[in-house]
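*Asks:* sequence-free structure coming up:
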């Protein structure tokens, strides 16, 4: 089975984000594998253990992403590809990423592509569905369970707290939701083996793409931090008086009624 995982490098979830002049200051910020992509990597490993095959991890970005690709290799992936757009593009969006990935996959045979449900930095959840559309294959998002029997695929997906069961067939793209599995930590032997596993770098020319083919379709107008939460207010006195004061505050301060 040819198993692929689409991975993204994102800020550490515990990292403090600093914005200056409308731009995120990366500085010495710590980066990690997007947490939802870790579920995708783990599911790929479980599929390989059950069905055999090869796991390939792919990311779009710059050379800094090699560290996260090596981490994925240490977890259990067999090889990795960095689709380097750093020198060709200043900015990109979900369209850019999906288009670059689509040209990569059109040159490679695959049975299943796994990705995270969303990236914790952008949170759009667009890349997976966009990629599937460009490849003209079926896709299922927010999966919490998956079984493959030959070409048949049975999937359970999260639907706002409920569960939907879908039957489809390979090839397919799926996006992993929290609860699909419990991602493993790279072991010391895995880390040592990862240093010798193949990691290939490709640029737009290698994918038969020009800069104009993948230019962003959207533009970031403004980046800002959410407003600081103000301290709450404790209402005192009789319940009847508290209700009156609460209604007054909702009208005058919060202006929600």
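*Replies:* Looks like it arrived, so ask away. Note that the structure is a prediction, hence the values are computed from the model and not measured.
*Asks:* Quick check: which element contains the residue nearest to residue 200 when sequence neighbours are not counted?
*Replies:* What sits nearest to residue 200 in space, not counting adjacent residues and going by Cβ to Cβ, 6 or more residues apart in numbering, is residue 81, at 5.3 Å. Quick note: C-beta positions are derived from backbone N, CA and C, even for glycine. For residue 81, the enclosing helix or strand under DSSP states H and E is strand 79-84.
*Asks:* Now do the helix or strand following that strand and strand 79-84, the angle between them.
*Replies:* Past strand 79-84, heading to the C-terminal end, the next element that is a helix or strand (DSSP H and E) is helix 94-105. Between the direction of helix 94-105 and that of strand 79-84, the angle (axes from the mean of the first three to the mean of the last three Cα atoms, to 10 degrees) works out to 130 degrees.
*Asks:* can you list the residues that contact stretch 226-234?
*Replies:* The list of residues contacting stretch 226-234 from outside it, by Cβ atoms under 8 Å, 6 or more residues apart in numbering, reads residue 249.
*Asks:* Would you check how far apart the residue nearest to residue 200 and residue 207 are?
*Replies:* Shown here: residue 81 relative to residue 207, a distance of 10 Å by Cβ to Cβ, to the nearest Å.
*Asks:* Give me the common contacts of those two.
*Replies:* For the pair residue 81 and residue 207, residues contacting each of them under the criterion Cβ under 8 Å, 6+ apart are residue 104.
*Asks:* quick one on the thing from earlier: look up the residues forming beta bridges with the residue nearest to residue 200.
*Replies:* Under the criterion DSSP bridges, residue 81 forms beta bridges with residue 58, residue 200.
*Asks:* Mind listing the strands the helix or strand bottoming out on mean pLDDT in the chain pairs with, and their directions?
*Replies:* Ranked by mean pLDDT, DSSP states H and E, the weakest helix or strand in the chain is strand 23-24, scoring a mean of 76. Take DSSP bridges as the rule and strand 23-24 pairs in its sheet with strand 19-20 (antiparallel).
*Asks:* residues making contact with the partner strand?
*Replies:* Contact with strand 19-20 is made by 25, 223-225, as judged by Cβ under 8 Å, 6+ apart.
*Asks:* Per the annotation, how does this structure divide into domains?
*Replies:* The chain is divided into the following domains under automatic domain parsing: 2-214, 228-257.
*Asks:* ranking those domains by mean pLDDT, which is last?
*Replies:* In terms of mean pLDDT, the lowest-scoring of those is domain 228-257 (a mean of 86).
*Asks:* Run the chain-centre distance for it.
*Replies:* Offset of domain 228-257 from its chain centre (Cα atoms, centre = their mean, to the nearest Å): 40 Å.
*Asks:* Quick one: end-to-end distance for it.
*Replies:* Distance between the two ends of domain 228-257: 23 Å, counting by Cα to Cα, to the nearest Å.
*Asks:* immediately after the least confident helix or strand of the chain, which helix or strand?
*Replies:* The next secondary structure element downstream of strand 23-24 (using DSSP H and E) turns out to be strand 31-33.
*Asks:* Could you give me the buried positions within that following strand?
*Replies:* Neighbour-count burial for strand 31-33 flags 32-33 (criterion: 16 or more other Cβ atoms under 10 Å).
*Asks:* same deal with stretch 8-15?
*Replies:* Taking 16+ other Cβ under 10 Å as the basis for neighbour counts, the residues of stretch 8-15 that come out buried are 8-11.
*Asks:* Tabulate the residues you listed in TSV, adding columns for distance to residue 135.
*Replies:* Converted to TSV, these look like this (distance: Cβ to Cβ, whole Å):
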residue	distance to residue 135
8	18
9	23
10	24
11	29
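*Asks:* okay, among those residues, which ones form the most distant pair?
*Replies:* Using Cβ to Cβ, the pair of the buried residues of stretch 8-15 lying farthest apart is 8 and 11, separated by 10.8 Å.
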